[in-house]
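[1] kindly generate the corresponding structure for this input.
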Amino acid sequence: MAKKNESFEIMIKKLEDIVEVMNKGQLNLEDSIKNYEEGIKLCNKLFKTLNEYEGKIKILSEGKEKDFVDSEE
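    Here you go, the predicted model:
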């Protein structure tokens, strides 16, 4: 399972590894389900992380625009 302190890049690599293993089609059903579950958890964590970064970028962008407009006046 994805740990809270894992970097985005590490989680992407783990997800890529899971996809590669599953694409080979050599896992039994139980292992396939475990890998699928782990992949979904990683996807959700990655999506959440991207949304957080998007929010930070919007805040920073809005602040920059406001500062720029204020300095022109």
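[2] just checking, what packs against the helix-or-strand element of the chain with minimal mean pLDDT?
    Ranking every helix and strand in the chain by mean pLDDT, DSSP states H and E puts helix 29-72 at the bottom, with a mean of 87. Counting contacts by 3 or more Cβ pairs under 8 Å, 6 or more residues apart in numbering; DSSP states H and E, helix 29-72 packs against helix 8-24. C-betas here are computed from N, CA, C, even on glycine.
[3] ok, the residue nearest in space to the middle of the chain - contacts?
    Nearest residue to the geometric centre of the chain (Cα atoms, centre = their mean): L46, 1.6 Å. Applying Cβ atoms under 8 Å, 6 or more residues apart in numbering to L46 gives the contacts F8, M11, I12, L15.
[4] now do 10 Å
    A2, F8, M11, I12, K14, L15 (Cβ atoms under 10 Å, 6 or more residues apart in numbering).
[5] would you list the phi and psi of Q26?
    With angles defined as degrees, to the nearest 10, Q26 sits at phi -110, psi 10.
[6] gap between the residue nearest to the centre of the chain and N23?
    Computed as Cβ to Cβ, to the nearest Å, the L46 to N23 distance reads 19 Å.
[7] then E6?
    From E6 to N23 the distance is 23 Å (Cβ to Cβ).
[8] so between those two, which is more surrounded?
    Between E6 and N23, counting by other Cβ atoms under 10 Å, E6 is the more crowded of the two (15 against 8).
[9] circling back to that earlier point, starting at the chain centroid, how far to the least confident helix or strand of the chain?
    7 Å (Cα atoms, centre = their mean, to the nearest Å).
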